[in-house]
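J.: Pasting a predicted model and its sequence here:
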Amino acid sequence: MTSVRTTCPYCGVGCGLVASPPAHGAPALIRADAQHPANLGRMCSKGAALGDTLDLDGRLLHAEIRGRRASLDDALDAVARGFADVVAKHGPDAVAFYVSGQLLTEDYYVANKLMKGFIGSANIDTNSRLCMASAVAGYKRAFGADAVPNDYEDLERAELIVLVGSNLAWCHPVLFQRISAAKAANPKLRVVVIDPRRTATCDVADLFLPVTPGTDVLLFNGLLNYLRREDGLDFEFLDAHTRGIGAAMRAAKDSAPSIPGVAAACGLEAGDVAEFYRWFAATPRTVTAFSQGVNQSSAGTDKVNAIVNVHLATGRIGKPGAGPFSITGQPNAMGGREVGGLANQLAAHMDFAPEHVERVQRFWNAPAVATKPGLKAVDLFAAIETGAVKAVWIMATNPIVSMPDADRVRRALGRCELVVVSDAVRDTDTTACAHVLLPAAAWGEKSGTVTNSERRISRQRAFLPAPGDARPDWWLVTEVARRLGFGAAFPYRGAAEIFREHARLSAFENEGTRAFDIGGLAELSDAEYDALAPVQWPLPAGAAKPRRLFADGRFFTPDGKARFVATEPRAPQRLPTADLPLVLNTGRIRDQWHTMTRTGKSPRLTGHNPEPFVQMNPGDAAACSVGAGDLAEISAAGARVLARVEVTADVRAGTVFVPMHWSTPFASAGRVGALIAPITDPVSGQPELKHAPVRVRRYAPAWYGFALLRTPLDARDCTYLARSRSEGFWRYELAGETLPASWPEWADAVLGPRAERIELHDRAGGRYRAARLAGGRLQACLFVAPTKQLPSRTWLGGLFAHDALDDASRAAILAGRPAKAGEETGPIVCSCFSVGRSTLLRAIRTQELVTAEQIGNALRAGTNCGSCVPELKALLAEASATPA
Ligand code: SF4
């Protein structure tokens, strides 16, 4: 295979990439696509490291039935038989699919068609429910359609960007890069960041509003009220294109009558709130971009509508550089919305109105189209637990890690009669519960389309052969459909056929009534589909080019007018108590994706944060008697997470932040979803993943340690274990509650033969250090102590790159530090060029560097994807504040 233009499989930015298959012993080469409109030649650390994630280590290559390898035919037969039996005995609502924003649109389309059109239930929901269901619901309430009004160029055309609940710098890094570049090019562009946590995104903020969690509706109601008072409303637009301003304004006046009152309730300075309101009122070209910080809330839909309200009130929608812009989390969350992958949608932006059901039934020639919404994610797993749903097929997602009340999800799957999991990865928390495993093709092996946050459809193209029995998800679903007797409706031989049908359905009896119309792509030949360039919807048949949504002021409501929604501020449903005094906030980190099944394979990506961590405000840390580098136990509802403590004023007092990524293969107790109650927004069904009361206490094990090894470790007697892959070795952070009788004996399983071991054993002090060398090459080392005071791992880790250690290094191993000063690199900051914190600080001080550009010139850090630039600036500030 030769190079292909394809799309990154991670975040919703949907960057175009150029991928070249491995050749002559070199790994696959992944570059940013300069021609793709989403990224224009940029990419982030995750995209840059995709080549590290493509090996077959850990892949699910063959089907399994109850833990035993099976032929794909037998496994597909078992799935079809199991689903058919349950439907025959208990009806179609006793089965379900739980799918994923990782699927391609073509996979999604056939899964939705099978469940909603042929099995006859709407019990198909997606992990996108956890990510952007509130944005969908908010847009539908306001516009009559799930239609994101903006494109990325609006971020460059704007003169004010308001980022709400959105850490773009880490979660959508290329958009952050685009905004940074736009700011450099346009001094008039201002950025306001609204977030309870000071994140790397604040690097571009002209104003940061560290809002009290859950008060976003109040802040935007206050803005609506301010616009009224300060003559900031666009009455012409209001009269011609909207309805409902009266009720919305009353709600705003009642809840947010004054700036000081808003500021006090939101935990902000009144002057800052006034500044934000003034800037908003004075800047017609304003984009408000929002993400999971808005959506993942029991009031998420109202938060979205409070944001949309101020854009409608000022007529700032449908115009260049203006609009309320939902930035989706996943690469194909939008594609899932297009096909109807949420349980409360039918297909192609139709819902369960009788005329929609009848239309879709005719189009599919389907025997049993679902006539009512199915179970949304949280309700779906609750129904599995009660036995109401008896068979579930989980595709490309890991709900035992990502769902709230994650231990209950595990219990539910443990009781379910039939759990089918199709995945590319063999060992996840969820595959461990499967009765049938189906091997799915991974990124790079399958072809289809995805739609990014700006409604741009792009091709993902295969450039690697599918290994073992792995097949595209659409193929697996189609084979089961055939076995269920629906072969005539699932005749597909390739993704292009599915895409054409999907496009035809979008246009079927549409006539401008539904926003999603890609009839202009319905007649693509296979060759044209193969060559399809990125294109935005809507693109009806006959349209010369995509048009800006809402440019004509017409919306998708019956009368064509947008709707204001009266939004009453509501507190998060679970508030802190004496027993659970802190609020847990969750989210992504810069270099990991979801449950780490892919990014966890890249040494470049694990170096930045090798173990789960909890960020705490200094006051809370002191109150909980924890300090930086301690282990903390974060607990609630009978579950606990163990994580390394970071003390930082970036998180508000009373809140803690723990990343969402760690799963059982990577950490013994890192599944943050287990701490979060299954509370949802009443409209969208999206869980409140960013506001869970917890308690934090110092975790005081009997011993701390770490091991670095060339081969994975079978660790024993560890109550804390975090595993990460580094260049040439595995890193294990360890702790245990009981001391072994003998450290040298305990170390046998870790280090191997004692004959090749060097060791240092301080019995009285409880310290043990040992390493095994073979042929002068470091094979493994283990450091154990009664406290967290242990040597840096980075210098020791660097020794694994050497085929033979020199005498000085060999002699220094058990000291855990280099014989010569200056060799310690410190934790990774720049993943692209593996530049560590200590190296950076040394260079800043010795070379008197004062800008990120100078650091780039000296060390290359920050010059590839740029994701670490905010951290480089923070190090510059740290170095100037604390000269060596
Ligand atoms: S910003 Fe990074 S993770 Fe997101 S699509 Fe682009 S390269 Fe992939």
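T.: That came through, no problem. Bear in mind the structure is a predicted one, so any value in this text is a computation, not a measurement. Numbers count the residues shown, from 1 in each chain.

J.: Name the residue of this protein that lies nearest to the ligand.
T.: The ligand sits closest to Gly47 of the chain, with a gap of 2.6 Å, by CB to the nearest ligand atom. For the C-beta atoms, the positions are set from N, CA and C on the backbone; glycine is no exception.

J.: and that residue, that one's in a helix?
T.: Yes - membership of Gly47 in a helix is supported by DSSP: H, G, I helix; E, B strand; the rest coil.

J.: which residues does it contact?
T.: Cys8, Tyr10, Cys15, Leu17, Ile30, Ala32, Cys865 (CB atoms under 8 Å, 6 or more residues apart in numbering).

J.: Report the secondary structure element holding the fifth one.
T.: Secondary structure assigned from DSSP states H and E places Ile30 in strand 29-32.

J.: I'd like to know the average pLDDT value across that strand.
T.: On average, the pLDDT along strand 29-32 is 95.

J.: roughly how far out does it sit from the chain middle?
T.: 21 Å (CA atoms, centre = their mean, to the nearest Å).

J.: and that strand, does that touch the ligand?
T.: No - applying CB under 6 Å from any ligand atom, one finds strand 29-32 out of contact with the ligand, separated by at least 7.3 Å.

J.: contacts for that strand?
T.: In contact with strand 29-32 (CB under 8 Å, 6+ apart) are residues 15-20, 39, 41-43, 47-48, 50-51.

J.: May I ask which of the contacts of Gly47 has the most neighbours?
T.: Cys8 (30 neighbours; other CB atoms under 10 Å).

J.: How about the contacts made by that residue?
T.: Contacts of Cys8 by CB under 8 Å, 6+ apart are Gly14, Cys15, Gly16, Leu17, Met43, Lys46, Gly47, Leu50, Pro331.

J.: Run a quick check on the third one versus Asn39, I expect a contact.
T.: Read it as Gly16. Yes - Gly16 is within contact range of Asn39, at 5.9 Å (criterion: CB atoms under 8 Å).

J.: Find the residues that touch each one of the two.
T.: Here Gly16 and Asn39 have Ala32, Asp33 as joint contacts, going by CB under 8 Å, 6+ apart.

J.: ok so, going back, in its sheet, which strands sit next to the strand holding Ile30, and in what direction?
T.: Taking DSSP bridges as the criterion, strand 29-32 pairs within the sheet with strand 16-20 (antiparallel).

J.: Distance from the chain centre to the strand it pairs with, please.
T.: That offset, for strand 16-20, works out to 21 Å (CA atoms, centre = their mean).

J.: Stretch 696-713 now?
T.: Using CA atoms, centre = their mean, the offset of stretch 696-713 from its chain centre is 27 Å.

J.: now swap in stretch 575-595 and tell me
T.: The answer for stretch 575-595 is 14 Å, by CA atoms, centre = their mean.

J.: Can you show me the strands along the stretch 201-350 of the chain?
T.: 207-209, 242-243, 286-290, 323-326 (DSSP state E, counting those that start in this stretch).

J.: Buried deepest among the ones you listed, which one?
T.: Per residue and on average, the most neighbours among the strands of the stretch 201-350 of the chain fall to strand 323-326, with a mean of 28 (mean count of other CB atoms under 10 Å).

J.: can you list contacts of it?
T.: 132, 135, 139, 148-150, 154-155, 287-291, 295, 304, 307-308, 311, 316-317, 453.

J.: Out of the residues you listed, name the ones that lie in helices.
T.: Here DSSP state H is the test, and the contacts of strand 323-326 give Met132, Ala135, Tyr139, Asp154, Leu155, Asn295, Val304, Ile307, Val308, His311 as lying in helices.

J.: can you redo the contacts of Cys8 as TSV with distance to Leu782 and pLDDT?
T.: Putting the contacts of Cys8 into TSV (distance: CB to CB, whole Å; pLDDT from 0 to 100) gives the following:
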residue	distance to Leu782	pLDDT
Gly14	44	97
Cys15	41	98
Gly16	45	98
Leu17	40	98
Met43	38	95
Lys46	31	94
Gly47	35	95
Leu50	33	94
Pro331	40	88
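
J.: Distance to Ala562 for those residues - can I get that in CSV?
T.: Putting these into CSV (distance: CB to CB, whole Å) gives the following:
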residue, distance to Ala562
Gly14, 27
Cys15, 31
Gly16, 32
Leu17, 37
Met43, 36
Lys46, 36
Gly47, 36
Leu50, 40
Pro331, 29
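
J.: so which of those residues comes closest to Ala764?
T.: For the contacts of Cys8, the minimum distance to Ala764 (CB to CB) is 46.8 Å, reached by Lys46.

J.: Was I right to think the closest one contacts Thr606?
T.: No - counting by CB under 8 Å, Lys46 stays clear of Thr606, with 11.8 Å between them.

J.: Residues that sit against both of the two, list them.
T.: Common neighbours of Lys46 and Thr606 (CB under 8 Å, 6+ apart) are Asp591, Gln592, Thr599.

J.: Looking at these, spot the one nearest Glu497.
T.: Out of those, the member with the shortest distance to Glu497 (by CB to CB) is Thr599, at 32.7 Å.

J.: residues touching the closest one, list them.
T.: Going by CB under 8 Å, 6+ apart, Thr599 touches Tyr10, Lys46, Ala49, Thr53, Asp591, Gln592, Trp593, Leu605, Thr606.

J.: tally of neighbours for the last one?
T.: Spelled out, that is Thr606. The tally of other residues near Thr606 (other CB under 10 Å) stands at 27.

J.: wait, it sits on Asp591?
T.: Yes - counting by CB under 8 Å, Thr606 touches Asp591, with 7.4 Å between them.

J.: part of a helix, is Tyr768?
T.: No - assigned with three-state DSSP, Tyr768 falls outside any helix and is strand.

J.: In space, what's closest to it - neighbours in sequence excluded?
T.: Trp743 (3.8 Å; CB to CB, 6 or more residues apart in numbering).

J.: Determine the set of other helices and strands touching the longest helix anywhere in the chain.
T.: Scanning the chain for the helix with the most residues, using DSSP H, yields helix 72-90. Packing partners of helix 72-90 (3 or more CB pairs under 8 Å, 6 or more residues apart in numbering; DSSP states H and E): strand 63-65, strand 95-99, strand 391-395, strand 418-423, strand 436-439, helix 473-483.

J.: which of the residues in that helix are buried?
T.: Neighbour-count burial for helix 72-90, with 16 or more other CB atoms under 10 Å as criterion, is recorded at 72, 75-80, 82-84, 86-87, 90.

J.: Spell out which residues of this protein are next to the ligand.
T.: So the chain meets the ligand at 8, 10-11, 13-15, 39, 43-44, 46-47, 172-174 (CB under 6 Å from any ligand atom).

J.: can you redo those residues as JSON lines with distance to Ala785 and secondary structure?
T.: What follows is the residues of the chain next to the ligand, written out as JSON lines (distance: CB to CB, whole Å; DSSP: H, G, I helix; E, B strand; the rest coil):
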{"residue": "Cys8", "distance to Ala785": "42", "secondary structure": "coil"}
{"residue": "Tyr10", "distance to Ala785": "38", "secondary structure": "coil"}
{"residue": "Cys11", "distance to Ala785": "39", "secondary structure": "coil"}
{"residue": "Val13", "distance to Ala785": "43", "secondary structure": "coil"}
{"residue": "Gly14", "distance to Ala785": "46", "secondary structure": "coil"}
{"residue": "Cys15", "distance to Ala785": "44", "secondary structure": "coil"}
{"residue": "Asn39", "distance to Ala785": "46", "secondary structure": "coil"}
{"residue": "Met43", "distance to Ala785": "41", "secondary structure": "coil"}
{"residue": "Cys44", "distance to Ala785": "37", "secondary structure": "coil"}
{"residue": "Lys46", "distance to Ala785": "34", "secondary structure": "helix"}
{"residue": "Gly47", "distance to Ala785": "39", "secondary structure": "helix"}
{"residue": "His172", "distance to Ala785": "40", "secondary structure": "coil"}
{"residue": "Pro173", "distance to Ala785": "37", "secondary structure": "helix"}
{"residue": "Val174", "distance to Ala785": "42", "secondary structure": "helix"}
